[in-house]
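*Asks:* let's see this in three dimensions:
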Amino acid sequence: MGQQEVYEFLQNHPGEWFTSNEISRAIGIGKGAVTMSLKKLSESDEVMYGRTNSPGKSYRYKFKE
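*Replies:* Residues are numbered from 1 along each chain as shown. Here you go, the predicted model:
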């Protein structure tokens with residue numbers, strides 16, 4: 001449970017950006033598991049990421065089309 005659900009969630013919302021908190025709430029998986037899944041998906045070049053406009057170290061993610 002985890003990486004596949006995150007991948008499918010992002011794939012089902014092409015072009016939309018989400019934070020790990022938003023993804024966690026949407027699919028009902030803990031933030032830690034979502035964060036690790038996003039890291040692996042980013043390393044395998046399956047998702048894109050960028051900084052949010054809010055202060056702090058927040059990142060947002062989207063499916064790489």
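
*Asks:* now residue 49, what are its backbone angles?
*Replies:* phi -140, psi 160 (degrees, to the nearest 10).

*Asks:* correction: residue 47
*Replies:* According to degrees, to the nearest 10, residue 47 has phi -130, psi 160.

*Asks:* for the residue nearest to it when sequence neighbours are not counted, give its distance to residue 60.
*Replies:* Excluding the flanking residues, the one nearest residue 47 by C-beta to C-beta, 6 or more residues apart in numbering is residue 41, at 4.5 Å. Where C-beta positions appear, they are placed from N, C-alpha and C, glycine not excepted. Separation of residue 41 from residue 60 (C-beta to C-beta, to the nearest Å): 13 Å.

*Asks:* how far out from the middle of the chain is the host helix or strand of the residue nearest to residue 47?
*Replies:* Assessed by DSSP states H and E, residue 41 sits inside helix 31-43. Averaged C-alpha coordinates place helix 31-43 at 7 Å from its chain's average position (C-alpha atoms, centre = their mean, to the nearest Å).

*Asks:* packing partners of that helix?
*Replies:* With contacts taken as 3 or more C-beta pairs under 8 Å, 6 or more residues apart in numbering; DSSP states H and E, helix 31-43 sits against helix 3-11, helix 20-27, strand 47-51, strand 59-63.

*Asks:* among those, which is nearest residue 36?
*Replies:* helix 3-11 (8.0 Å; C-beta to C-beta).

*Asks:* now do the contacts for the closest residue to residue 33 other than its chain neighbours.
*Replies:* Spatial nearest neighbour of residue 33, chain neighbours left out: residue 2 (4.5 Å); criterion: C-beta to C-beta, 6+ apart. By C-beta atoms under 8 Å, 6 or more residues apart in numbering, residue 2 lies in contact with 29, 33-34, 36-37.

*Asks:* pull up the gap between residue 2 and residue 24, please.
*Replies:* Taking C-beta to C-beta, one finds residue 2 at 11 Å from residue 24.

*Asks:* find residues that contact each of the two.
*Replies:* What both residue 2 and residue 24 touch, as defined by C-beta under 8 Å, 6+ apart, is the set residue 34.

*Asks:* please identify the buried residues of stretch 25-43?
*Replies:* Within stretch 25-43, the residues that qualify as buried are 27, 29, 33-35, 37-38, 41, counting by 16 or more other C-beta atoms under 10 Å.
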